[in-house]
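>>> following is a predicted model, sequence given first.
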Amino acid sequence: MRRALHLRAAAPYLLLLPGLLWLVVFYVYPAFQMFLTSLWTGNLDTGYQQTWNWGIYQEAITEYWPWLARSIIYGGLATILAFALGFPLAYAIAFRGGQYKNVLLFLVIAPFFTSFLLRTISWKIILADSGLVLGPLKQIGILPEEFRLLATPAAVIAGITYNFLPFMTLPLYVALEKIDKRLIEAAEDLYAGPWRPQGTVAGLAIGGVLGLVVGLVMDYGPFALSIPFGLAGAAIGTWLISQAFIRVTLPLALPGIFAGSLLTFIPAVGDFVNAELLGNPQSLMIGNVIQARYLQVTDYPTASALSFILMLAILIGLFIYARIIGTEELTGASI
Amino acid sequence: MSDTRSPLPVDITRRRFLQGTALAGTAAFLAACGTPPQSSGGAASPSAAASESASAGASASASASSGATPATSGELRFANWIGYIDISDDKKSFPTIEKFQTETGITVQYADGAVDDNETFFTSDLQAPLQAGQPTEWDLVVLTDWMVARLVRLKWLETIDTSVTPNFVANLNDNLKARSFDPDTNLAAPWQSGMTGIGFDKKKTGDQKSLDVFFDKQFADKLTYLSEMRDTVGLAAIRQGNKPEELTQEQFDAALADVQKAVKEDIVRQVTGNSYVEDMAGGSVIIAMAWSGDVLTLLVPDQKPDQDFQWELPTQGGMLWTDNMVIPKGATNKAQAERWIDFYYDPQNAATIEAYVNYVCPVKGAKEVMLQSSPDLANNPLIFPPDDWTSRLHIFRATTADEDKSWAEAFTKAMGL
């Protein structure tokens, strides 16, 4: 009897073991190595020595903070955009998908059957200066002849948003799909009905502000994007935002929002493919810097230090984010 | 991101593209390592030089001349870039490799695409073992000039015993002999070369012959530079009348200043690896610092009626870069690697490979062979550059350890990093 109890108590740890081992070998150990490497001095030809050169962290931050900041802004914006696109999408599939749910979900994941790299390269052809999309718009005179999408910050942010959209949509879908529809009905019965025109106004405001920020970062001026974004927001808001939505659906979807935004934000900040292929010299990200320092300059210490700084920055951000959203609510809501 | 290779046209990943996660896969090629070293241990055996004249001209026959004799059995582990050798129609075998195996009795583990780009291959396959004085997993690898120069500097290469490679001695093009990083021409055997010059869409830009176009506002925003420092800075230096073969620090600074100015003034739309090809195909870029092979094999076949892709060697001159076969220090099967080098420098074999690969062929006599089999290719200046081109082609000199780092650093900074 006692033995059985022992085993039962040990079971969770045994189940944890394979995963933990995996993480220790493939994450903890390399991260530790990277940390040691960041404190080396030397170069390829004379060799490297461990000198505990802590100063490198300050040097790296002083020199590369603009790239760090840019990466966080681009990654953050891409996450918000992915949320703005992904939430209505996930909502529509979860609540209105009906018999087509699986097909629609498949369509969300379908781009993943092509390699990340190829998908990004194909943007170069679709969004070419006088290609499929821009060509006709320029011919009817909506866009000026010298307008371009490629090799701009806009293309980088849009590319990241596109590439990570499924990472946002799927967790949101899972969270929304789990919601007991009777709760919403009950809320509506209790006068948490449609919320017009406030829903429209809220959508308009959210869309407008988002358009303003995106427009500024992407260099299109403050108003070019706020009008279309605002209108789209108003339309979505009218349809989506009701009292029941705010009081029931949204809180219950929080775990999905949390998971989705992390799954998008973390790889987005470190991404270098989109910036390399779709950006220009003025829109390169910290991933590109790390790659160049490591492979081209063979400056392993700085590259490692920057990787570490990026990791810490993301971790700190994550803790703050978890605090704001509230971890307790998260675990509570998911039950 | 995962597979940088499969569905792309073969040449696209050949040069440095994206240093992604393509490190895997190489291991798959390393099947059980069978034969023990068939080595001609003493690379610098005194009798080697003596036998040089004796064995010259009689390469295939395993003659019993004294000293080093060509390997006739064993194994050769050969890492190359993807799409860089002839392949059978069903894509399952490499005819020239098979011919070599039949002729020599040496088993070749040919790793097509094991080298994905120089930096990544250096980091993943060479650095750790060579630093520790261990042999690598390879007997022969194909790497670009500047990486070879780095390996020479680090003393991480075996000397090729030229007494057993008479074809190499006799048939290497003269302009590739005694390069700055290989003064005795016994460390690196050129595999293929390529030229860096002006790629343009003639329908949009008209004829282009001068490097000035890369520093002029005329095509601002429609123009790209290359992310290879030696190509971009090399062209800028040539335009200033300097020779990349003997570039000084001042000349480097001056060339880089021009490059940096062009980037700052938004003349340069993007700094790319191979991906300028998609931009040119899509019409976003109409003029680019371009590799000869890309324009020829990737752009021309797909051009639309309103496009006319051309590659031109600038009047001031262009860059010549070479991918070389080198033997990493301590390679287990050095003799087999030398046997392959000699085999490749047989014009017949070089021509067979050339007909498939279409870069610049470094082997004398291959042109004559090809005139019979495929005259179109033989007369193509991008594969066999005429003499007046050769004199305008420059090779970037070997850089010192300090330059290697500080120039790369200065260049990446100028490129927005």
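Sure, I can see it. Note that the coordinates shown come from a computational prediction; the quantities given were computed from them, not determined experimentally. Numbers count the residues shown, from 1 in each chain, chains lettered A, B, ... in the order given.

>>> beta partners for the spatially most central residue of chain B?
Nearest residue to the geometric centre of chain B (Cα atoms, centre = their mean): B:Asp323, 1.8 Å. Going by DSSP bridges, B:Asp323 is paired in beta bridges with B:Thr144, B:Gln192.

>>> right, and it touches B:Leu176 too?
No: contact between B:Asp323 and B:Leu176 fails when scored by Cβ atoms under 8 Å: they sit 11.5 Å apart. Any C-beta I mention is one placed from the backbone N, CA and C, and that applies to glycine too.

>>> and the closest residue to chain B within the stretch 101-250 of chain A, backbone torsions?
Nearest residue of the stretch 101-250 of chain A to chain B (Cβ to the nearest Cβ) works out as A:Ala128 at 3.1 Å. Phi and psi for A:Ala128, reported as degrees, to the nearest 10, are phi -50, psi 150.

>>> over to the one 5 residues further on?
With angles defined as degrees, to the nearest 10, A:Val133 shows backbone torsions of phi -90, psi -50.

>>> was I right about it contacting A:Leu127?
Yes: using Cβ under 8 Å, A:Val133 is in contact with A:Leu127, at 5.8 Å.

>>> so those two - more neighbours on which side?
For A:Val133 versus A:Leu127, neighbours defined as other Cβ atoms under 10 Å in any protein chain shown are more numerous around A:Leu127 (22 against 13).

>>> tell me the contacts of the more buried one?
Each residue near A:Leu127 by Cβ atoms under 8 Å, 6 or more residues apart in numbering or on different chains is listed here: A:Val133, A:Leu134, A:Leu149, A:Leu150, A:Ala155.

>>> could you pick out which of the residues you listed are near chain B?
With Cβ under 8 Å from any Cβ of the partner chain as the criterion, those include A:Leu150 near chain B.

>>> B:Asp294 belongs to a strand?
No: assessed with DSSP: H, G, I helix; E, B strand; the rest coil, B:Asp294 is helix; it does not lie in a strand.

>>> picking up where we left off before, from A:Leu117, how far off is the residue of the stretch 101-250 of chain A closest to chain B?
Distance from A:Ala128 to A:Leu117, counting by Cβ to Cβ, to the nearest Å: 18 Å.

>>> distance of the most centrally placed residue in chain A relative to A:Leu165?
Residue closest to the average C-alpha location in chain A (Cα atoms, centre = their mean): A:Thr264, at 2.5 Å. From A:Thr264 over to A:Leu165 the distance is 8 Å, taken as Cβ to Cβ.

>>> need the residues touching each of these two.
Joint contacts of A:Thr264 and A:Leu165 (Cβ under 8 Å, 6+ apart) are A:Ala82.

>>> taking the stretch 201-335 of chain A, what residue is nearest to chain B?
Proximity of the stretch 201-335 of chain A to chain B (Cβ to the nearest Cβ) peaks at A:Pro281, 3.1 Å away.

>>> that residue touches B:Phe411, doesn't it?
No: using Cβ under 8 Å as the test, A:Pro281 is too far from B:Phe411 to be in contact (11.8 Å).

>>> got any ranges where the chain has weak pLDDT?
In the absence of a named chain, chain A is used. Counting by pLDDT under 70, the ranges of chain A that qualify are A:1-5, A:326-335.

>>> wrong one, chain B
Applying pLDDT under 70 to chain B picks out residues B:1-68.

>>> how is it carved up into domains?
With domains defined by automatic domain parsing, chain B comprises B:10-193+B:322-381, B:195-320+B:394-414.

>>> quick one, what contacts whatever residue of the stretch 151-300 of chain B ends up closest to chain A?
Nearest residue of the stretch 151-300 of chain B to chain A (Cβ to the nearest Cβ) works out as B:Gly282 at 3.1 Å. For B:Gly282, the contact set (Cβ under 8 Å, 6+ apart) comprises A:Lys124, A:Ile125, A:Ala128, A:Asp129, A:Gly131.

>>> for A:Pro197, see how far away the closest residue to it other than its chain neighbours is.
Leaving aside its chain neighbours, B:Gly282 sits nearest to A:Ala128 (3.1 Å; criterion: Cβ to Cβ, 6 or more residues apart in numbering or on different chains). Separation of A:Ala128 from A:Pro197 (Cβ to Cβ) stands at 42 Å.

>>> neighbour count for these two, which is higher?
Neighbours were counted for A:Ala128 and for A:Pro197 using other Cβ under 10 Å; A:Ala128 has more, 23 against 12.

>>> and residue 203, how many neighbours?
You didn't say which chain, so I picked chain A. A:Gly203 has 22 neighbours, counted by other Cβ under 10 Å.

>>> wait, chain B
15.

>>> that one is in contact with B:Gln310, isn't it?
No: contact between B:Lys203 and B:Gln310 fails when scored by Cβ under 8 Å: they sit 9.8 Å apart.

>>> which stretches of the chain form strands?
Let's take chain A. A:40-43, A:47-50 (DSSP state E).

>>> if you could check chain B rather than the one you did, that'd help
B:75-80, B:107-112, B:140-144, B:189-201, B:223-226, B:270-272, B:287-291, B:309-312, B:318-326, B:393-394.

>>> nearest to B:Thr162, out of those strands?
When these are ranked by proximity to B:Thr162, the top entry is strand B:189-201, at 9.7 Å, counting by Cβ to Cβ.

>>> was I right about A:Gly230 contacting A:Thr200?
No: using Cβ under 8 Å as the test, A:Gly230 is too far from A:Thr200 to be in contact (10.6 Å).

>>> if you count what's nearby, which of the two comes out ahead?
Each of A:Gly230 and A:Thr200 has its neighbours counted (other Cβ under 10 Å); A:Gly230 has more, 22 against 18.

>>> the nearest residue to the more buried one once chain neighbours are set aside and B:Thr315, how far apart?
Leaving aside its chain neighbours, A:Gly230 sits nearest to A:Gly208 (3.7 Å; criterion: Cβ to Cβ, 6+ apart). Plainly put, A:Gly208 is 55 Å away from B:Thr315 if you go by Cβ to Cβ.

>>> and what of A:Phe223?
Using Cβ to Cβ, A:Phe223 is found at 49 Å from B:Thr315.

>>> please apply the same query to B:Gln192.
25 Å.

>>> next one: B:Ser275
Taking Cβ to Cβ, one finds B:Ser275 at 27 Å from B:Thr315.

>>> over to B:Gln101?
Note on B:Gln101: its distance to B:Thr315, by Cβ to Cβ, is 46 Å.

>>> which one of those two has more residues nearby?
Set B:Gln101 next to B:Thr315 and count neighbours by other Cβ under 10 Å: B:Gln101 wins out with 15 against 11.

>>> that one contacts B:Gln109, correct?
No: B:Gln101 lies out of contact with B:Gln109 (Cβ under 8 Å); the separation is 10.8 Å.

>>> next, count neighbours for B:Glu246.
For B:Glu246, the count of nearby residues is 10 (other Cβ under 10 Å).

>>> and the residue nearest to it when sequence neighbours are not counted, how many neighbours does it have?
With Cβ to Cβ, 6+ apart as the criterion, B:Glu246 has its nearest non-adjacent residue at 6.1 Å, and that residue is B:Arg397. For B:Arg397, the neighbour count with other Cβ under 10 Å is 21.
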